[in-house]
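Asks: my questions are about this predicted structure, shown below with the sequence.
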Amino acid sequence: MRRIVPAARPTLKDVARVAGVGAGTVSRVLNHQNRVSADTRARVLAAIAQLEYRPDASAGALRRGTSGSIGLLVEDVADPFYSQLNATIEEALIPLDLTLLTASSARSPERAMRALQGLVSRRVDALIVTFPEDADETFLKREGAAGTAVVFVDRPPRSLDADSVLTNNRGGAKRAVEHLIARGHSRIALVNDRQGLYTADERRAGWQQAHATAGLPSDLRLVMSGSPDDRFIEDALRSMLALSDPPTAVFSGNNRIAVGVLRALRALGVRLDHVGFDDLELSDLLDPPLTVVAQDPYAMGRAAVERVVSRMAGDEGPATTLVLEPQLVIRS
């Protein structure tokens, strides 16, 4: 076998020359076709190894009309929940020889649209999306009609008939507040994400249901909704603690709010019973340890991949909604 060292990145033709075969034979070996003798296949594989040849995935995608990739749009890939979701989906796609392309919307409908257009321009075979609550779903409708599989995660579609994988946010919040009521609290604050956000609204509904079930009034002075930044959270808690009948416990609507609440309570010099929605790294090492309603981003990611792969394989059944149950992790 002649040794040829190409000047640039090796091509399929380089492999063919080194192996002493035609380009078509190399292609058949790469595509695992049987019309190649064992000796010829061995020579081609040896040439591939010698040249460190890697097939051109984009060229193959153009021939097949697919990209071998899935697009993922989340709110913020730096958020621990979305980071775990991203990692799970990526891991689940590896055995399927599919690549994950991820973008963040940063809560912006305009940025979400740019990200989706960028993903579609790269010919992704399917989309897994967490869509901003005030974004227009028309673009996704068109893509779905054109044959692109679309699966929603964390939040359901508002007008699109598409698969979704969700958490039982209302039930999880209700269990969190019931836990605080069982510990003797009747004045339970809710520091929540912005109104109109599906997950935040569902968690507020769970807070209210727990009060109703226990025969307690839902004092809306103890509910604060807004941007989950430290200033808002500290101001919200300060105003509630200034009431004549202040809260004795607090329920945080998501992981970032829980961190802000912990900082605010420290700054204000106050200790309140505290339960958060979403787990936090090292939450078991806090003093006291933080009890949480833990979602399962791993189950959500795996379920989303199962739905998307099924659609890509030709499943034309009606849209499905899978609701996952979160777990109340009691630590204090």
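Replies: Noted; the coordinates are in hand.

Asks: helices along the stretch 51-200 of the chain, start to end?
Replies: Using DSSP state H, counting those that start in this stretch, the helices of the stretch 51-200 of the chain run over 57-64, 80-93, 109-121, 138-145, 169-182, 198-213.

Asks: packing partners for the third one?
Replies: Contacts of helix 109-121 with other secondary structure elements, assessed using 3 or more CB pairs under 8 Å, 6 or more residues apart in numbering; DSSP states H and E, are made with strand 69-74, strand 99-104, strand 126-129, helix 138-145. Where C-beta positions appear, they are placed from N, C-alpha and C, glycine not excepted.

Asks: how about those in JSON lines, adding mean neighbour count?
Replies: Converted to JSON lines, these look like this (neighbours: other CB atoms under 10 Å):
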{"stretch": "strand 69-74", "mean neighbour count": "26"}
{"stretch": "strand 99-104", "mean neighbour count": "18"}
{"stretch": "strand 126-129", "mean neighbour count": "26"}
{"stretch": "helix 138-145", "mean neighbour count": "16"}
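
Asks: relative to residue 281, which of the ones you listed is closest?
Replies: strand 69-74 (18.5 Å; CB to CB).

Asks: now do the closest one: everything it contacts.
Replies: Contacts to strand 69-74, defined as CB atoms under 8 Å, 6 or more residues apart in numbering, come from residues 82, 85-86, 89, 93, 98-105, 112, 115-116, 119-120, 122-131, 153-154, 305, 308.

Asks: how big is the angle separating that strand from helix 109-121?
Replies: Orientation of strand 69-74 against helix 109-121 (axes from the mean of the first three to the mean of the last three CA atoms, to 10 degrees) gives an angle of 170 degrees.

Asks: in its sheet, what does strand 69-74 sit against?
Replies: Paired strands of strand 69-74, with direction, are strand 99-104 (parallel), strand 126-129 (parallel) (DSSP bridges).

Asks: out of those, nearest to residue 232?
Replies: strand 99-104 (21.2 Å).

Asks: between the closest one and helix 80-93, how many degrees?
Replies: Going by the same axes, to 10 degrees, strand 99-104 makes 170 degrees with helix 80-93.

Asks: now strand 99-104, how far from the centre of its chain.
Replies: 10 Å (CA atoms, centre = their mean, to the nearest Å).

Asks: please save the CA atoms from that strand in CSV.
Replies: What follows is strand 99-104 as a C-alpha-only set of coordinates in CSV (Å, rounded to 0.1, in the frame of the first residue of the first chain):
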residue,chain,number,x,y,z
THR,A,99,-25.4,16.4,17.3
LEU,A,100,-27.0,19.0,19.7
LEU,A,101,-27.0,22.7,18.8
THR,A,102,-28.0,24.8,21.8
ALA,A,103,-29.1,28.5,22.1
SER,A,104,-30.5,30.6,24.9
